[in-house]
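Student: Curious how this folds, go ahead:
(chains A, B, C and D)
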Number of protein chains: 2
Amino acid sequence: MALSADILRGYTDSIILKQLSHGDNYGYELGKQIALISQGGLEMKEATLYTAFRRLEAAGHIRSYWGDAQAGARRRYYAITPEGQERLQRDMANWQETKQMLSLLFEEEEK
Amino acid sequence: MALSADILRGYTDSIILKQLSHGDNYGYELGKQIALISQGGLEMKEATLYTAFRRLEAAGHIRSYWGDAQAGARRRYYAITPEGQERLQRDMANWQETKQMLSLLFEEEEK
DNA sequence: TATAGTACCTCGGCTGTCAAGGTATTGTGT
DNA sequence: ACACAATACCTTGACAGCCGAGGTACTATA
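Tutor: Here you go, the predicted structure:
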């Protein structure tokens, strides 16, 4: 049913960092990977993705390099930095709290 | 530790609807109630709150009326409408999906 | 030779959050 | 009597993130 990524605003960066923690990747592939893992639930738009890459790189949480493609379109690969790893750890802890808080405020409570 | 409400963007309206589903309430009190229930984790700012009220009322998800206060400052009460109830049901279902999706994308997986 | 796919990117509009400011009333301490 | 905090409402303007729309360039396929 393809949820809007706007609902997850603030976690776009975290999701990217998480995927990069499995290994370097390039934008186009990363987008498809996210759609795949979420079973189509999250389609991160290209504009959103590239905005996030700029943001993350400016913050020093990722770095990028051009792949040496002799065939096919050139690819820019992204890698998570140590700072990015720390950020990811914080984000994951944060998410647990957020989840609990939303449960308190927002889910059905027992009778 | 007071998480930023920006993380929850898109669920502000839902949280308000949920609280109103317990009974009519007015803005100031609702804000304090949310802080209380979330154990201080979510402090919805007044500007955010009132913006949301306008939005929800324009959408027909809540309606408002002035309380007849003979003492104290005047209060504008808000009530959830049938449309708001439906919206709330959808939002809660949506949240379950979102939560699962973020688990897939974002939490630690088994080795 | 045209179309679809890969792969990159930017711009501008839209929406939600919130700091900062405002008004008016009531209760409390000195 | 007077200041101050608390209650209770509200608006404005800046800012940030999402994404539709558009663009470039190359490769594979029908």
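Student: use CA for all of it now, contacts and neighbours both
Tutor: Will do.
Student: Get me the contact residues on chain A for chain B.
Tutor: Contact residues, chain A versus chain B (C-alpha under 8 Å from any C-alpha of the partner chain): A:3, A:6-11, A:14-15, A:18-19, A:34, A:37-38, A:41-42, A:92, A:98-99, A:101-102, A:104-107.
Student: what residues does chain A put near DNA strand C?
Tutor: Within chain A, the positions near DNA strand C by C-alpha under 7 Å from any atom of the strand are A:26-29, A:46-47, A:50-51, A:72-77.
Student: where does chain A dip in pLDDT?
Tutor: A:1-3, A:69-72, A:109-111 (pLDDT under 70).
Student: mind listing the helices for it?
Tutor: Using DSSP state H, the helices found in chain A span residues A:12-20, A:27-37, A:46-58, A:82-106.
Student: Please identify the deepest-packed of these.
Tutor: helix A:12-20 (a mean of 21; mean count of other C-alpha atoms under 10 Å in any protein chain shown).
Student: residues in contact with that one?
Tutor: Defining contact as C-alpha atoms under 8 Å, 6 or more residues apart in numbering or on different chains, one finds that helix A:12-20 is touched by A:5, A:30, A:34, A:52, A:56, A:62, A:78-80, A:84-85, A:88, A:91-92, B:105-106.
Student: Please apply the same query to stretch A:61-81.
Tutor: Residues contacting stretch A:61-81 (C-alpha under 8 Å, 6+ apart): A:17, A:20-21, A:23-27, A:53, A:56-57, A:60, A:82-85, A:87.
Student: So which bits of that stretch are buried?
Tutor: By 16 or more other C-alpha atoms under 10 Å in any protein chain shown, the buried positions in stretch A:61-81 come out as A:His61, A:Ile62, A:Arg63, A:Ser64, A:Arg75, A:Tyr77, A:Tyr78, A:Ala79, A:Ile80, A:Thr81.
Student: Kindly report the same for stretch A:35-44.
Tutor: Residues A:Ala35, A:Ser38, A:Gly40, A:Gly41, A:Leu42, A:Glu43, A:Met44 are the ones in stretch A:35-44 that count as buried (16+ other C-alpha under 10 Å).
Student: touching DNA strand D at all, stretch A:5-15?
Tutor: Yes: using C-alpha under 7 Å from any atom of the strand, stretch A:5-15 reaches DNA strand D at A:Ala5, A:Asp6, A:Leu8, A:Arg9, A:Gly10, A:Tyr11, A:Thr12.
Student: Just the buried residues out of these, in ChimeraX syntax.
Tutor: To isolate the buried ones among the residues of stretch A:5-15 next to DNA strand D in ChimeraX, judged by 16+ other C-alpha under 10 Å, type:
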select /A:5,8,10,11,12
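Student: Reformat the residues of stretch A:5-15 next to DNA strand D as a markdown table; add distance to A:Asp68.
Tutor: Listed next are the residues of stretch A:5-15 next to DNA strand D as a markdown table, based on distance: C-alpha to C-alpha, whole Å:
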| residue | distance to A:Asp68 |
| --- | --- |
| A:Ala5 | 32 |
| A:Asp6 | 34 |
| A:Leu8 | 34 |
| A:Arg9 | 33 |
| A:Gly10 | 33 |
| A:Tyr11 | 31 |
| A:Thr12 | 28 |
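Student: and of the residues of stretch A:5-15 next to DNA strand D, the nearest to chain B?
Tutor: Of all those, chain B sits closest to A:Gly10, with 5.1 Å by C-alpha to the nearest C-alpha.
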